[in-house]
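Fold the following.
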Amino acid sequence: MTDYPAGREPIQIVEILQPLCENQFGVSPCTATGTADTKCYNTRATCQDTANFALGTPLSLYFTKAQFLPILREGARQPDNPDDWVVDTGFWNDAGEWYDTAVWFDTGEEQLNPFDPVNSTMPDYIFPALVSVSTSPTKINLAAASRDSRGLGNRAVCTIRFKDFQHTDRVVDPYVSGRSWDALSKDRGSFWSRWLVRNKYRTNMQVKVYEGYAGQDLSEMSVRMYFVDSVSNQNSAGDITLKCKDVLARIEERQAQAPVASPGVLFADITDADTSFEVANAVLADYDASGSLRIGDEVMTYTSRATTSNGVTFSGIVRGTDNTQANSHGFDASVQQCIRYTDADVSTVLVDLLQTRGGIPSEFMADFVAGQPSANEVRDYLGFTRATRLLTEPFSIAKLISEMSEQFSFYIWWEETEQRVKLKTIRGFDEEPDTLNDAINIISGTLALKDKPRERASQVWFYYTLENPTEDEDSVNNYENLYVIADLESETDELYGSSSIRTIKGAWTTQSIIAQSTATKLSNKYVDTPQEATFRVDIKDGDYQIGDTFYIDHYLDVDEFGDRRLRPWTVLAREEKVPNEIVEYMCEDTGLYGRIFFIMANGSGDYDPSDVPFKSAYIGNNSGLLSDGSTSAKIG
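Residues are numbered from 1 along each chain as shown. Here you go, the predicted structure:
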């Protein structure tokens, strides 16, 4: 557990990373011209030479609450009414002293407030304009079992409110010293009214929320990263609200498709036997060097394409592939580029969809690089899994990954603090979990247990091997194979009294072993009504993250004899209800996934109950028991 200091003074800081052009107005390569009053603000929305706009290092704008400033900046003097002022910027004077400039709203008078820069660990420029930060955490959809959320679960949302204020434009305006007008004039608007116009392209702008304690450096605080989704209009009080989401929001339905819609159309009619044809309204970059195309309900492959007088000509075409029929097609018919995955590694497909096609920056996908945790998870537990799919029309990338996560038994999420996309497979645990109990860890009165009957599954029907990729993937008639596993006893009147059928359309797989493995896991886990638990802990016990597993030892969770039962629970969501103070966990009982053992090396010693490595698999007797009566490992 993390050691936190007693008597801590929690603080919050918000950083907006505003994109800036690295060029200087009117200086090569920038060709813009104009007077000092008409210069841009080095943002894309104000650029006057867009051909040479070049992103450089973003401008970090820091915000905090007014009451935090005396804590953050030792020695800084604060006016009697914090609502009437805002720190603008700072500078060194001729005597080597650092000054903050506080601007009074009512008079515009600048008050110089010296403080000791040696003892300050905060940025030099902080606005005390933060009103509040509220978050709704990521919640994973384990096994895509919840019918009330998407396959990828619920996205993390952060809502940040700021108050408005007059501002000198220093720092945010690189050419402020040359302007002839006074930015503090109320006729010139306010900070946010000007900022919103200058930063029109603010969607997906990075925002960081720092939470820590007085005396900590910014680098020592916990930090969560979000991306701007929308900004509400200013209200009558001048407040604005910034709504942010996690990076996976980029791939949701309206934002990312794979493949993208191809612009090309047939330049002339073709017969069902033509092995080359010309496509208009397209350039080479619109299509892969070789691959597959779809025209109407026909799929075909090609070996090359080249620029010609009317657009692009495709050659080496094999007609009517992938269980489709070769047909004649009229001019102006759409020619769609397809994406084909054949026996592909799960990590490879995810990186292609999320990073290459979904636009998620590579640094956020670093966990899928060989040797990193998510890549190791795929290697160790999905090593035999292969993805096979032909995408013949644009699909939502979020939908594609949701389908993969259900069919291959994994889940992905955005880890806000590590600032990485993460993956974990649905499996048993291979390390001894910690135990959280009601005497030391769980805050009294906060544990709540509830059933989730809609997720029960007495039967699992897994359809796989898609027949025709141009037809409806949701139709069971479009699949060659079906694997069914059923627990009919659970449907009897003595037990649950009804059936509950989970149907999976396995468009990503042709492997019977995948269908059997996934269906068996779901049947084992959801044949009984699953349970969800929520509880709160102090921050000292709040290091567990999404996907982590622990035992819960609590007086409310007992067996039929009243004895406490230690069940493993997996974290679905983690939220700091009081920043740096109280953490709330939502978790699901995952005991039926079992425990994972590893085959031991030849020559290993016999079973010794007093010294047993947790992962070691020992051979039991005919009843499956070891010498001390504990259960031995079993081959699944």
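
show me where the stretch 351-500 of the chain has helices.
373-381, 397-408 (DSSP state H, counting those that start in this stretch).

and among those, the most buried is which?
helix 397-408 (a mean of 23; mean count of other C-beta atoms under 10 Å). C-beta here means a position set from N, CA and C on the backbone, and glycine is covered the same way.

quick one: the helices in the stretch 1-150 of the chain?
Going by DSSP H, counting those that start in this stretch, the stretch 1-150 of the chain shows helices at 69-72.

nearest to Glu467, of the helices of the stretch 351-500 of the chain?
helix 397-408 (16.5 Å; C-beta to C-beta).

who's in contact with the closest one?
The contact list for helix 397-408 (C-beta atoms under 8 Å, 6 or more residues apart in numbering) reads 143-144, 150-152, 248, 251-253, 256-258, 346, 349-350, 353-354, 357-358, 382, 385, 387, 391, 410-412, 462, 504-509, 514, 518.

6 Å instead, please
144, 151-152, 251-252, 256, 258, 353, 358, 385, 411, 506, 508-509 (C-beta atoms under 6 Å, 6 or more residues apart in numbering).

out of the residues you listed, which are buried?
Using 16 or more other C-beta atoms under 10 Å as the burial test, the contacts of helix 397-408 include 144, 151-152, 251-252, 256, 258, 353, 358, 385, 411, 506, 508-509 as buried.

Run through the stretch 1-150 of the chain and note the low-pLDDT ranges.
1-8, 69-122, 124, 143-150 (pLDDT under 70).

Kindly recompute the last result at 50.
Applying pLDDT under 50 to the stretch 1-150 of the chain flags residues 1, 5-6, 74-120.

what ranges do the strands span in it?
Taking DSSP state E, counting those that start in this stretch to define them, one finds strands in the stretch 1-150 of the chain at 10-18, 59-63, 85-92, 98-104, 110-115, 126-127, 130-136.

partner strands of the last one, parallel or antiparallel?
As defined by DSSP bridges, the strand partners of strand 130-136 come to strand 157-162 (antiparallel).

Sort out which residues of the helix or strand following the partner strand are buried, please.
Under the assignment DSSP states H and E, the closest C-terminal helix or strand after strand 157-162 is helix 191-198. Within helix 191-198, the residues that count as buried by 16+ other C-beta under 10 Å are 191-192, 194-196, 198.

okay if I get the residues you listed as a markdown table plus pLDDT and distance to Leu423?
Shown next, in a markdown table, are the buried residues of helix 191-198 (pLDDT from 0 to 100; distance: C-beta to C-beta, whole Å):
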| residue | pLDDT | distance to Leu423 |
| --- | --- | --- |
| Phe191 | 90 | 41 |
| Trp192 | 91 | 38 |
| Arg194 | 93 | 42 |
| Trp195 | 94 | 37 |
| Leu196 | 92 | 37 |
| Arg198 | 96 | 38 |
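
so the longest strand anywhere in the chain versus strand 130-136, what angle?
Identified as the longest strand of the chain according to DSSP state E is strand 567-578. Interaxial angle of strand 567-578 relative to strand 130-136 (axes from the mean of the first three to the mean of the last three C-alpha atoms, to 10 degrees): 160 degrees.

Report the beta-bridge partner residues of the residue nearest to Ser222 when sequence neighbours are not counted.
Excluding its sequence neighbours, the residue lying closest to Ser222 (C-beta to C-beta, 6 or more residues apart in numbering) is Glu211, at 5.2 Å. Under DSSP bridges, the beta-bridge partners of Glu211 are Gln12, Ser222.

Return the set of residues that bridge with Leu466.
Tyr479.

That one is in contact with Ala507, isn't it?
Yes - between Leu466 and Ala507 there is a contact under C-beta atoms under 6 Å: 4.9 Å.

how many neighbours does the residue nearest to Ser222 have?
By the criterion of other C-beta atoms under 10 Å, Glu211 has 20 neighbours.

measure it to Ile13 for me?
Distance from Glu211 to Ile13, counting by C-beta to C-beta, to the nearest Å: 8 Å.

With Ser347 instead?
From Ser347 to Ile13 the distance is 35 Å (C-beta to C-beta).

just to revisit the earlier point, tabulate the contacts of helix 397-408 in TSV, adding columns for distance to Glu220.
Converted to TSV, the contacts of helix 397-408 look like this (distance: C-beta to C-beta, whole Å):
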residue	distance to Glu220
Ala144	38
Gly151	37
Leu152	32
Ile251	32
Glu252	34
Ala256	35
Ala258	40
Leu353	36
Gly358	33
Thr385	40
Tyr411	31
Gly506	47
Trp508	43
Thr509	46
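
Now, those that are in strands?
Taking DSSP E as the definition of strands, those contribute 258, 411, 506.

residues touching the spatially closest residue to the last one that is not a sequence neighbour, list them.
Yep, that's Gly506 we're talking about. In space, Gly506 comes closest to Tyr464 once its chain neighbours are excluded; the distance is 3.6 Å by C-beta to C-beta, 6+ apart. With contact set as C-beta under 6 Å, 6+ apart, Tyr464 has these partners: 481, 506, 509, 515.

From the rest of the structure, what touches the host helix or strand of Tyr226?
In this structure, Tyr226 is located in strand 222-231 according to DSSP H and E. Contact with strand 222-231 is made by 158, 202-205, 207-211, 242-245, 247, 416-417, 419, as judged by C-beta under 6 Å, 6+ apart.

roughly how far is it from the heart of the chain?
How far strand 222-231 lies from its chain's middle: 11 Å, per C-alpha atoms, centre = their mean, to the nearest Å.

quick one: buried residues of it?
Within strand 222-231, the residues that count as buried by 16+ other C-beta under 10 Å are 222-229, 231.

now these in a markdown table, with distance to Asp269 and pLDDT?
Formatted as a markdown table, those follow (distance: C-beta to C-beta, whole Å; pLDDT from 0 to 100):
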| residue | distance to Asp269 | pLDDT |
| --- | --- | --- |
| Ser222 | 63 | 86 |
| Val223 | 60 | 89 |
| Arg224 | 57 | 89 |
| Met225 | 53 | 90 |
| Tyr226 | 52 | 92 |
| Phe227 | 47 | 92 |
| Val228 | 48 | 92 |
| Asp229 | 46 | 89 |
| Val231 | 51 | 89 |
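
Report the residue ranges of every domain in the protein.
10-19+58-245, 260-337, 341-425, 453-529 (automatic domain parsing).

picking that back up, rebuild the buried residues of helix 191-198 as JSON lines, extending it with distance to Ala129.
Below are these laid out as JSON lines (distance: C-beta to C-beta, whole Å):
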{"residue": "Phe191", "distance to Ala129": "8"}
{"residue": "Trp192", "distance to Ala129": "9"}
{"residue": "Arg194", "distance to Ala129": "14"}
{"residue": "Trp195", "distance to Ala129": "11"}
{"residue": "Leu196", "distance to Ala129": "14"}
{"residue": "Arg198", "distance to Ala129": "17"}
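
show me what contacts Val299?
292, 321-322, 324.

I meant Ser134, not that one.
Thr159.

What's opposite it in the beta bridge?
Counting by DSSP bridges, the residues bridging with Ser134 are Thr159.

How about Ile16?
Under the criterion DSSP bridges, Ile16 forms beta bridges with Leu61, Val207.

wouldn't it be in contact with Tyr62 here?
No - the pair Ile16 and Tyr62 does not pass the contact test of C-beta under 6 Å, sitting 8.2 Å apart.

Spatially, what comes nearest to Val133 if we skip its sequence neighbours?
Ile160 (5.3 Å).

In terms of secondary structure, what does the helix or strand containing Phe550 contact?
If you go by DSSP H and E, Phe550 is part of strand 549-553. Contact here means 3 or more C-beta pairs under 6 Å, 6 or more residues apart in numbering; DSSP states H and E; on that basis strand 549-553 packs against strand 434-437, strand 567-578.

Direction included, what does the shortest one pair against?
Spelled out, it's strand 434-437. Strand 434-437 has these strand partners (DSSP bridges): strand 549-553 (parallel).

can you pull the alpha-carbon coordinates of the strand it pairs with into CSV?
What follows is strand 549-553, C-alpha atoms only, in CSV (Å, rounded to 0.1, in the frame of the first residue of the first chain):
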residue,chain,number,x,y,z
THR,A,549,-8.2,-9.2,-8.2
PHE,A,550,-8.5,-9.4,-4.4
TYR,A,551,-10.4,-11.4,-1.8
ILE,A,552,-13.1,-9.7,0.3
ASP,A,553,-13.4,-10.7,3.9
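
Perfect, that will be all.
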